[in-house]
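Student: Coordinates for the following, if possible.
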Amino acid sequence: MASDNNNSDDKKFLEGPRSRQAEFIFTLRVLADFIRGFRKLHFIGPCVTVFGSARFDEHHPYYLQAREVGRQLAKMGFTVMTGGGPGIMEAANRGAKEAGGYSVGCNIQLPHEQAHNPYMDRWVTIEHFFVRKVLLLKYSYGFVVMPGGAGTMDEFFETLTLIQTKKIANFPIVLIGGAYWKRLIDFMQMMVEQGTISPEDMDLICLTDSIEEAMAHIKKYAIDRFNLTYRRMKPMPWLGEQIAKVRMKLEV
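Tutor: Residues are numbered from 1 along each chain as shown. Okay, the predicted model is just below:
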């Protein structure tokens, strides 16, 4: 049974347009979220974002796989970015730290607070999911999608849609877990047959169980395609900015 607080929140959401003052305050809160994220993540260097479920513990095969993904991405020179929580996110951040790389996250503020995992060099906690998704995309040249639930699906399709519609560049998307994603890929093939997506949209996705193949795909379609190198930006101390200590040695 929903609590009175949840009922109140639901009613507020269903009200539709609120007063101009309330809408303006909401806009300021969104702006504050963006500014907080931009300030915190401005100097983190080229990233690869790893998406996946928060529900796997450290003994789960998917956790172990994500840990190795983080490790290999860090060895390639990327900053590893995640949603900052437990499960797959923790595993990828952990692997990056173990490899001596840089590990960051965009945590989300939830009613039952999602604690950030302990394997990040830098993180920011965001109030709004849509702001968080912008930040997870903004700094990344590639995306690794591990097994996950509704949130992971949302992040995957958001990323795919932005690339498909050319709102962002044609960055590589790697789905890891052939058995897990098989029905989704079959469904997407049906979408091609029905004409709701184009056949070339399927070319935007690399489905694999091999971390080695995933890394080769990211190297080819992120590092090589964009001639990727790290452009160090100078912080402005009067704004309270600090440079991130990123080990950037991208293979070009």
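
Student: Let me see the residues that make contact with stretch 172-186.
Tutor: Contacts to stretch 172-186, defined as C-beta atoms under 8 Å, 6 or more residues apart in numbering, come from residues 62, 65, 69, 142-147, 156, 159-160, 163, 204-209, 211, 214, 217-218, 220-222. Just so you know, the C-beta spots here come from the backbone N, C-alpha and C atoms, and that holds for glycine as well.

Student: what about 7 Å?
Tutor: 65, 69, 142-147, 159-160, 204-209, 214, 217-218, 221-222 (C-beta atoms under 7 Å, 6 or more residues apart in numbering).

Student: Which members of those residues are positioned in strands?
Tutor: Using DSSP state E, the members of those that fall in strands are 142-145, 205-208.

Student: mind listing what Ile88 touches?
Tutor: For Ile88, the contact set (C-beta under 7 Å, 6+ apart) comprises 50, 52-53, 56, 62-63, 66, 146, 148.

Student: one more time with 8 Å, if that's ok
Tutor: Contact partners of Ile88, counting by C-beta under 8 Å, 6+ apart, are 50-54, 56, 62-63, 66, 82, 146-148.

Student: between those, which is nearest Asn170?
Tutor: Asn170 lies nearest to Phe51 out of the contacts of Ile88, by C-beta to C-beta, at 18.1 Å.

Student: Tell me if I'm right that that closest one and Val144 touch.
Tutor: Yes: assessed by C-beta atoms under 8 Å, Phe51 is found in contact with Val144 at 7.1 Å.

Student: Would you map the strands across the stretch 51-200 of the chain?
Tutor: Along the stretch 51-200 of the chain, counting by DSSP state E, counting those that start in this stretch, strands occupy 79-82, 103-108, 122-126, 140-145, 173-176.

Student: residues in contact with the strand or helix carrying Thr49?
Tutor: Thr49 is part of strand 47-51, with elements assigned from DSSP states H and E. Residues from elsewhere that reach strand 47-51 (C-beta under 8 Å, 6+ apart): 66, 69-70, 73, 78-83, 88-89, 92, 104, 136-137, 139-146, 148, 152, 155-156, 218, 222.
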